[in-house]
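J.: Below are the sequence and a predicted model for it; my questions follow.
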Amino acid sequence: MRTTVVLIALLMTLAGCVSENAPVERNEDHSTDPLPYAATFPAWNGTSQANASFTNASVASMAYMAYFSAPWCAHCEATIDAYDQVLPNGTMFVFSMEAREEYANMSEWHDSTESKLNRTVDRPFILNPELAKTVGVQSIPYAVFVNEQGYVFYERIGRITNLTDIQYLWETTLEARFDPVTGWNQTVTDPAAV
């Protein structure tokens, strides 16, 4: 019994090292470096424009990217196009942060994106302004790279169209592991800052 109490007290002391609500430190270019602690990406669920249901459990144990934008964001289309060209199928989820009803139709947004890009975009478009608030999205486009442990490895705010840079970010996320004692095994140099 005494050992259990000591272990619980120890765990409570260490809980802040892997806090889900840890603050995000932003660089001057609004990107973030992998943090010395790990923040778990929040639980989420939603229905896509194709009426398919998705949850964070459906991507457990795999790396993915949560892409936040809005149907009215014309300057975001080049970025969604670039991410779509690099990230493998099943690893990119497009979330709308827009809560206004006139922008709630994900099928319209998906179709409009395909029309403007003049090609198929086979990604789930999911209305989830609550998730955007929880993540702290304030500027778009906003991409969160989640490693296979479910930790936020890297956040990228703003336009990015260089496919090589995106490939680098994705491959680094695939290799990223967090250890509570040693921290992250990978670091990222933001391509926009180089």
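T.: Alright, I've got the coordinates. Residues are numbered from 1 along each chain as shown.
J.: Now do the contacts for the nearest residue in space to Thr113 that is not next to it in sequence.
T.: Leaving aside its chain neighbours, Thr113 sits nearest to Val121 (5.5 Å; criterion: Cβ to Cβ, 6 or more residues apart in numbering). The C-beta positions use only the backbone N, C-alpha and C, and glycine is treated the same way. Contacts here follow Cβ atoms under 8 Å, 6 or more residues apart in numbering; on that basis Val121 touches Ile80, Asp81, Asp84, His110, Thr113, Glu114.
J.: And the residue nearest the centre of the chain, how far from Phe93?
T.: With distances taken as Cα atoms, centre = their mean, the residue of the chain nearest its centroid is Val144 (2.3 Å). In this view, Val144 and Phe93 are 10 Å apart by Cβ to Cβ, to the nearest Å.
J.: which residues of the protein fall in strands?
T.: Taking DSSP state E as the test, the strands found in the chain are 45-47, 53-55, 64-69, 92-96, 125-127, 142-146, 152-157, 178-179, 183-184.
J.: Looking at those, which is nearest to Cys76?
T.: strand 64-69 (4.4 Å; Cβ to Cβ).
J.: so what secondary structure elements neighbour the closest one?
T.: helix 77-86, strand 92-96, helix 129-135, strand 142-146 (3 or more Cβ pairs under 8 Å, 6 or more residues apart in numbering; DSSP states H and E).
J.: what does the third one rub up against?
T.: If you take Cβ under 8 Å, 6+ apart as the criterion, helix 129-135 is touched by 41-42, 44, 46, 66, 68, 95-99, 142, 144.
J.: Any idea which of the helices and strands packed on strand 64-69 gets closest to Gln167?
T.: Closest approach to Gln167 among the helices and strands packed on strand 64-69 (Cβ to Cβ): helix 77-86, 5.3 Å.
J.: Buried ones in that closest one, by neighbour count?
T.: Neighbour-count burial for helix 77-86, counted by 16 or more other Cβ atoms under 10 Å, picks out Glu77, Thr79, Ile80, Asp81, Ala82, Tyr83, Asp84, Val86.
J.: what about dumping the CA coordinates of that helix to CSV?
T.: Output of helix 77-86 as CSV, limited to C-alpha atoms (Å, rounded to 0.1, in the frame of the first residue of the first chain):
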residue,chain,number,x,y,z
GLU,A,77,-5.3,25.9,-51.6
ALA,A,78,-1.7,25.9,-52.8
THR,A,79,-0.7,24.5,-49.5
ILE,A,80,-3.4,21.8,-49.4
ASP,A,81,-2.3,20.9,-52.9
ALA,A,82,1.3,20.5,-51.9
TYR,A,83,0.6,18.4,-48.8
ASP,A,84,-1.8,16.2,-50.8
GLN,A,85,0.9,15.5,-53.4
VAL,A,86,3.4,14.3,-50.7
